[in-house]
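**Q** Got a sequence here, can you build the structure:
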Amino acid sequence: MGAGVIREPDWPSLADGLSERLTAAMRRVDAAGRVTVVHTWPLPLTKETWLRLAAACFSPAHADEVRWLWRDREEDAWLVARGAAAVVTAGGPARFLSLRDQAEACLAHLDARAEDEVRWWCGGAFAADAPAGPWQGWPQAVAVLPQLCFAAGDHPRLTCAVSLAPGDDPRAAAGRVMAAAVRWWRAAHAR
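**A** Purely as a prediction, here's the structure:
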């Protein structure tokens, strides 16, 4: 293993922590109809590990998933995210205001602590009319709350977001999200 690559995280412990948060959040699902849980763990990611994760995320095997890559200069962070716990879209001249309102409505049923990172990833067209040509079929504006986000830099971490509806099994939901994180991690380190 290279000097800049870290050992694999203790996935069972991370899954247990997420499962506990999801189980506690299920009490709020009945009143809200849905709850989104965001959970962040410190994770000693190096830039080399982050680059491996980014390469694995943008491999053709994941072409059908929502994927994001970002450099946050203020925080000195490199972020790579994939999957979607929540997606909101909008169109027309007021699309960005509509996007904001929908995202705020989604966050009204949020279970997150102060240290949890809630980061919407947004994209949109500058023209107010419907996209044409190769962009036909794309929303005019979209905001995604990623299911998984690895960040390297000043505050390295893994953030998971999960939306729960009435009747969802929180342990199974935690297992699915952690399984996706494990597959991503191992694909990045199989190279």
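**Q** Val182 in helix, strand or coil?
**A** Three-state call for Val182 (DSSP: H, G, I helix; E, B strand; the rest coil): helix.
**Q** wait, Leu53 sits on Trp184?
**A** Yes. Counting by Cβ atoms under 8 Å, Trp184 is a contact partner of Leu53 at 6.6 Å. Bear in mind the C-beta positions are built from the backbone N, C-alpha and C, glycine included.
**Q** The two: which is more packed in?
**A** Ranked by neighbour count (other Cβ atoms under 10 Å), Leu53 and Trp184 place Leu53 first, with 24 against 19.
**Q** Which element, helix or strand, includes the more buried one?
**A** Assigned by DSSP states H and E, Leu53 belongs to helix 47-57.
**Q** immediately after that helix, which helix or strand?
**A** Next along from helix 47-57, by DSSP H and E: strand 67-72.
**Q** Does anything pack onto that next one? Which helices or strands?
**A** Of the remaining helices and strands, those touching strand 67-72 by 3 or more Cβ pairs under 8 Å, 6 or more residues apart in numbering; DSSP states H and E are helix 47-57, strand 77-82.
**Q** the inter-axis angle of it versus strand 77-82?
**A** 170 degrees (axes from the mean of the first three to the mean of the last three Cα atoms, to 10 degrees).
**Q** start at 21 instead
**A** Fine by me, first position is 21 from now on; the one you just mentioned is strand 87-92.
**Q** For strand 87-92, report the contacting residues that lie outside it.
**A** 74, 77-78, 97-102, 141, 164, 166, 173 (Cβ atoms under 8 Å, 6 or more residues apart in numbering).
**Q** repeat for stretch 97-106
**A** With contact meaning Cβ under 8 Å, 6+ apart, stretch 97-106 is reached by 56, 58, 67, 70, 73-74, 77, 82, 85-92, 126, 139, 141, 164-175, 181-183, 200, 204.
**Q** avg pLDDT for it?
**A** For stretch 97-106, mean pLDDT rounds to 90.
**Q** One more: stretch 117-132?
**A** Rounded mean pLDDT across stretch 117-132 is 84.
**Q** Point out the most buried one among the helices and strands packed on strand 87-92.
**A** strand 97-102 (a mean of 22; mean count of other Cβ atoms under 10 Å).
**Q** quick one: that strand to helix 67-77, angle?
**A** Using the same axes, to 10 degrees, strand 97-102 lies at 20 degrees relative to helix 67-77.
**Q** List the buried residues for the very next helix or strand once past strand 97-102?
**A** Once the chain leaves strand 97-102, the next helix or strand it forms, by DSSP H and E, is strand 106-110. Residues of strand 106-110 classed as buried: Ala106, Val108, Thr109, Ala110 (neighbour count, 16 or more other Cβ atoms under 10 Å).
**Q** Present the residues you listed as CSV; the columns should include distance to Ala132.
**A** Formatted as CSV, the buried residues of strand 106-110 follow (distance: Cβ to Cβ, whole Å):
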residue, distance to Ala132
Ala106, 12
Val108, 17
Thr109, 23
Ala110, 23
